[in-house]
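> pasting the structure only:
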């Protein structure tokens with residue numbers, strides 16, 4: 001791809017890399033949805049509302065015509081699929097790494113973006129093979145359509161979303177012919193994204209986040225799965241903050257003038273002469289769709305303790321950054337990014353073929369929280385993560401038990417009337433939750449839990465609700481006495497307050 005550039009408007013990256021992480025990400029702008037004129041494509045991700053469904057199908061949601069074989073069901077089947085997916089994705093990551101040298105972490109970040117259905121922003125000087133990297137990644141997916149465009153200040157919406165329908169214009173309506181446009185592509189590479197004018201950047205927001213084109217009366221559900229954007233600089237405008245927030249994954253590519261590295265690049269160039277290499281085995285779009293749906297379901301479990309640690313780590317990272325970096329006193333991590341770190345953790349578990357996120361996956365938070373290439377930020381986050389793991393080790397059992405107790409209370413609150421509470425389903429859910437608490441054999445609360453087991457044996461459907469509240473209240477009191485850290489006591493006290501208020505609402 002030719003990259004003609006004017007030099008009069010550039011501010012090269014030694015300064016702009018600071019911009020990426022110092023920005024406080026913007027709030028999402030609500031889209032006002034008028035009555036759609038035409039739906040050009042079926043709505044995406046319609047089944048995401050069924051997060052607890054028993055089996056996710058390998059349905060290519062944005063392809064539509066690939067044959068789907070009947071699938072086995074059950075835990076063994078899921079583990080078999082995870083092993084296959086993990087092997088295939090890792091082979092692609094290694095393949096791209098062999099053809100685009102020195103980009104191992106960025107390539108893994110790219111695949112995390114693809115697995116989670118998010119977007120990636122690459123920032124560097126010119127000539128750093130950003131477009132080659134994007135093409136080499138996208139070629140790993142069989143049957144994918146890719147939209148490429150170098151943006152300029154003169155790029156208009158019709159250059160991205162399709163030309164306007166002449167017949168509709170005669171009737172006073174501005175309707176895009178989206179066939180062959182960014183809207184109906186699976187992947188996109190948007191070069192020099194910050195050369196675009198603010199009007200165009202604003203029009204991209206709903207497409208990147210909600211995956212739909214909103215243009216007056218025209219609402220088109222997009223097939224766009226992920227976009228990789230590239231830039232040589234960042235210009236600071238109000239709209240830019242919102243655009244940056246749509247790119248959950250960010251990377252800064254530094255120069256590398258090591259002679260051995262440059263010689264290795266020469267060898268790769270002699271093999272391919274600047275063209276992308278095609279892997280022997282490619283992933284299907286159906287597999288990519290399956291991975292995304294798996295990540296956005298409950299099939300890949302995240303233990304409550306890992307979520308607790310994740311939130312503490314990110315809170316401390318923000319505090320450390322504000323205190324230690326003089327020009328980032330306003331640094332923050334948006335709520336949108338905070339919750340979507342769950343998707344990153346699930347994707348990391350899938351890459352290792354696991355059905356459950358583990359504590360060690362927290363070491364990968366830098367892929368989504370930091371801009372790769374900023375080693376000082378990565379080192380700060382790594383230090384915070386290690387300290388947090390050690391700090392809470394003494395209270396792990398106590399925190400685990402309280403988090404399980406919160407789950408039990410949520411069941412009671414969700415079924416807060418006499419008829420539902422006395423059903424077999426609710427009774428068994430609560431009983432299973434209480435038994436999970438008592439299985440904490442190595443806990444410092446062992447004596448209390450031994451007594452609790454006797455109470456569980458006496459629970460009946462007529463008396464289990466008040467008895468459950470009594471058990472949870474006792475658990476709070478015992479836990480407070482044994483908690484060593486202020487944060488553990490903080491979450492116990494918060495749970496106590498929620499428990500007290502819930503008793504007023506739930507009909508006993």
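Cool, the structure landed. All figures in this text were calculated on a predicted structure; none of them were measured in a lab.
> Which stretches in the stretch 51-200 of the chain count as strands?
Ranges of strands in the stretch 51-200 of the chain, per DSSP state E, counting those that start in this stretch, are 120-123, 141-142, 146-150, 187-191.
> who does the first one touch, helix- and strand-wise?
Meaning strand 120-123. Counting contacts by 3 or more CB pairs under 8 Å, 6 or more residues apart in numbering; DSSP states H and E, strand 120-123 packs against helix 13-22, helix 104-116, helix 130-138, strand 226-231, strand 249-252. Glycine gets a C-beta too; all of them are placed from N, C-alpha and C.
> For that strand, which outside residues touch it?
13, 16-17, 20, 106, 109-110, 113, 130, 133-134, 193, 226-232, 234, 244, 247-253, 371 (CB atoms under 8 Å, 6 or more residues apart in numbering).
> From the residues you listed, list just the buried residues.
Among the contacts of strand 120-123, those scoring as buried are 13, 16-17, 20, 106, 109-110, 113, 130, 133-134, 193, 226-232, 234, 244, 247-253, 371 (criterion: 16 or more other CB atoms under 10 Å).
> Just give me the neighbour total for the residue lying closest to residue 151 once chain neighbours are set aside.
The shortest distance from residue 151 to any non-neighbouring residue, by CB to CB, 6 or more residues apart in numbering, is to residue 196 (4.0 Å). Other residues near residue 196 come to 24 when the count uses other CB atoms under 10 Å.
> thought residue 196 was touching residue 152?
Yes - when contacts are counted by CB atoms under 8 Å, residue 196 is listed as touching residue 152 (7.1 Å).
> List phi and psi for the residue nearest to residue 151.
Phi and psi for residue 196, reported as degrees, to the nearest 10, are phi -70, psi 150.
> mind checking how far it is from residue 126?
Counting by CB to CB, to the nearest Å, the gap from residue 196 to residue 126 is 17 Å.
> Which parts of the stretch 201-350 of the chain are strands?
With DSSP E, counting those that start in this stretch applied, the stretch 201-350 of the chain shows strands at 212-215, 218-221, 226-231, 249-252, 283-284, listed in chain order.
> Which one of those lies nearest to residue 424?
Each of those has some distance to residue 424 by CB to CB; the shortest is strand 218-221, at 40.7 Å.
> partners of the closest one in the sheet?
If you go by DSSP bridges, strand 218-221 pairs up with strand 212-215 (antiparallel).
> quick one: the partner strand to chain centroid distance?
Chain-centre distance of strand 212-215: 23 Å, with CA atoms, centre = their mean, to the nearest Å.
> so what secondary structure elements neighbour the longest helix along the chain?
Longest helix in the chain by number of residues (criterion: DSSP state H): helix 75-99. Contacts defined by 3+ CB pairs under 8 Å, 6+ apart place helix 75-99 against helix 104-116, helix 130-138, strand 283-284, helix 285-295, helix 335-351.
> Make a markdown table out of the ones you listed and add mean pLDDT and distance to residue 479.
Listed next are the helices and strands packed on helix 75-99 as a markdown table, based on pLDDT from 0 to 100; distance: least, CB to CB, whole Å:
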| stretch | mean pLDDT | distance to residue 479 |
| --- | --- | --- |
| helix 104-116 | 97 | 35 |
| helix 130-138 | 94 | 48 |
| strand 283-284 | 94 | 46 |
| helix 285-295 | 94 | 32 |
| helix 335-351 | 95 | 25 |
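> Columns distance to residue 415 on top of the ones you listed, output as CSV?
Formatted as CSV, the helices and strands packed on helix 75-99 follow (distance: least, CB to CB, whole Å):
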stretch, distance to residue 415
helix 104-116, 32
helix 130-138, 46
strand 283-284, 41
helix 285-295, 27
helix 335-351, 25
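> what about the helices in the stretch 251-400 of the chain?
Using DSSP state H, counting those that start in this stretch, the helices of the stretch 251-400 of the chain run over 259-272, 285-295, 304-324, 335-351, 366-369, 375-392, 396-414.
> any weak-confidence spans in the stretch 51-200 of the chain?
The stretch 51-200 of the chain contains residues with pLDDT under 70 at 51-75.
> now swap in the stretch 351-500 of the chain and tell me
The stretch 351-500 of the chain contains residues with pLDDT under 70 at 416-422, 438-463.
> any idea how far residue 322 is from residue 411?
With distances taken as CB to CB, residue 411 is found 38 Å from residue 322.
> Now the terminal residues of stretch 187-198, how far apart.
Length of stretch 187-198, first residue to last, CA to CA, to the nearest Å: 22 Å.
> Then stretch 185-203?
17 Å.
> do stretch 382-401 as well
27 Å.
> Run through who's touching the helix or strand hosting residue 502.
According to DSSP states H and E, residue 502 maps onto helix 486-505. Under the contact criterion CB under 8 Å, 6+ apart, helix 486-505 has outside partners 308, 312, 392, 395, 398-399, 402-403, 405-406, 409, 412-413, 416, 469, 472-473, 476, 479-480, 483.
> Can you tell me which of the residues you listed are buried?
Taking 16+ other CB under 10 Å as the criterion, what is buried in the contacts of helix 486-505 is 308, 312, 392, 395, 398-399, 402-403, 405-406, 409, 412, 469, 472, 476, 479, 483.
> For stretch 409-418, which outside residues touch it?
Here stretch 409-418 makes contact (CB under 8 Å, 6+ apart) with 421, 423, 426, 429-430, 433, 465, 468-469, 472, 495, 498-499, 502, 505-507.
> repeat for stretch 339-349
Stretch 339-349 is contacted by residues 112, 115-116, 118, 248, 291, 294-296, 300, 302, 306-307, 310, 314, 355-358, 361-362, 364-365, 367-369 when judged by CB under 8 Å, 6+ apart.
> got the buried residues for that stretch?
341-349.
> hang on, residue 113 packs against residue 119?
Yes - contact criterion CB under 8 Å: residue 113 and residue 119 qualify, at 6.2 Å.
> any common contacting residues for those two?
Common contact partners of residue 113 and residue 119 (CB under 8 Å, 6+ apart): 226, 228, 248-249.
> Identify, from those, the entry nearest to residue 211.
Out of these, the member with the shortest distance to residue 211 (by CB to CB) is residue 226, at 10.2 Å.
> which strand residues sit across from that closest one in the sheet?
Beta-bridge partners recorded for residue 226 (DSSP bridges): residue 187.
> is it true that it touches residue 117?
Yes - with contact defined as CB under 8 Å, residue 226 counts as touching residue 117 (6.3 Å).
> on that earlier part again, same list (the strands of the stretch 51-200 of the chain) but as CSV, adding distance to residue 381 and mean neighbour count.
Shown next, in CSV, are the strands of the stretch 51-200 of the chain (distance: least, CB to CB, whole Å; neighbours: other CB atoms under 10 Å):
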stretch, distance to residue 381, mean neighbour count
strand 120-123, 19, 26
strand 141-142, 31, 18
strand 146-150, 33, 17
strand 187-191, 28, 24
